[in-house]
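Q: Sequence below, structure please.
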Amino acid sequence: MSKLPTILEMLQSGVHFGHRLSKQYPKMSPYIFGQKNGINIINLEKTQIKLEEAYKFVKELASNGGTILFLGTKKQAQSIIKEHANKCGMPYIDQRWLGGTFTNYDTISKVIKKYNELVDKQKKGELEKYTKKEQSKFKKEIEKLEILVHGVKDLKKVPDAVYIVDLKKEKTALREANKRGIPIVAICDANTNPEQVTYPIPGNDDATKAINLITGVMAQAVEEGKSQIKAQPAKVEVSKSKSKSSK
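A: Predicted coordinates for the structure are as follows:
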């Protein structure tokens, strides 16, 4: 396993800062170290443990060819989600959650298909045969769809798991994932319910440095998992051909 962040590195990134005491979710109590100036302080020793559990899960998923969707649409998470998802080659949503992505994927897949077809026609110059007014309409439609699906344009099926930055912000995605039984890896701030998440990572989901640190670890887990993928299908094909020739 690659080196995970030290407690000092997490402190420097502000991972330990939670929300005000008045906003604390009761079930986050086991992950709270104490409080300072009315702010919950997250226990980083427990964050380390949970981060390692999440890392192992994501790494194993990637090593088996699985897909994890990176999700973070709040302003301070958007560029981070895009950067790390692109780096490790995973789909992402950084603008707005498409309702039904998990629970009604057939409909979402049609939207993705429509976007890809329009972009392809645009690249080939096939839209130039239309009037200027029609071309303008197509351009606006492409721009609209671009915002919605640019991070999932290569998605072929419902993801095997989802990584979420802010559970409060992404409550619809959280609900859909739980409904479909899709494993959830998420940063759980002091104001969230960790029991809604398969692999909760206690931490600050507001500070840019904290989000970047934890998201980077998840991307790193994907990359390490991908590097361990073994070419088992090829071996199976070879053995099949051998068995046929021996008959």
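
Q: and Gly66, how far is that from Val152?
A: Computed as C-beta to C-beta, to the nearest Å, the Gly66 to Val152 distance reads 16 Å. Any C-beta I mention is one placed from the backbone N, CA and C, and that applies to glycine too.

Q: Just list whatever residues bridge to the most centrally placed residue in the chain.
A: With distances taken as C-alpha atoms, centre = their mean, Phe70 lies nearest the centre of the chain, 1.4 Å away. Bridge pairing for Phe70 (DSSP bridges) gives the partners Tyr92, Tyr163.

Q: quick one, what contacts it?
A: Neighbour list for Phe70: Ile81, His84, Ala85, Met90, Pro91, Tyr92, Ile93, Gly151, Tyr163, Thr215, Met218, Ala219 [criterion: C-beta atoms under 8 Å, 6 or more residues apart in numbering].

Q: three-state assignment of the second one?
A: Meaning His84. helix (DSSP: H, G, I helix; E, B strand; the rest coil).

Q: Near the closest residue to it other than its chain neighbours, how many other residues are there?
A: Closest residue in space to His84, ignoring its immediate chain neighbours: Ala219 at 3.9 Å, by C-beta to C-beta, 6 or more residues apart in numbering. Ala219: 24 surrounding residues under other C-beta atoms under 10 Å.

Q: host element of Ala219?
A: Element membership of Ala219 [criterion: DSSP states H and E] is helix 208-227.

Q: For that helix, what is the distance to the chain centroid?
A: Its chain's C-alpha centre lies 10 Å from the corresponding centre of helix 208-227 when counted by C-alpha atoms, centre = their mean, to the nearest Å.

Q: Pull out the buried positions in that helix.
A: 209-225 (16 or more other C-beta atoms under 10 Å).

Q: Show the residue spans covered by the helices in the chain.
A: Secondary structure of the chain, counting by DSSP state H: helices at 7-12, 44-63, 75-88, 105-124, 132-149, 171-180, 208-227, 232-245.

Q: tell me the angle the fifth one makes with helix 105-124.
A: Between the direction of helix 132-149 and that of helix 105-124, the angle (axes from the mean of the first three to the mean of the last three C-alpha atoms, to 10 degrees) works out to 130 degrees.
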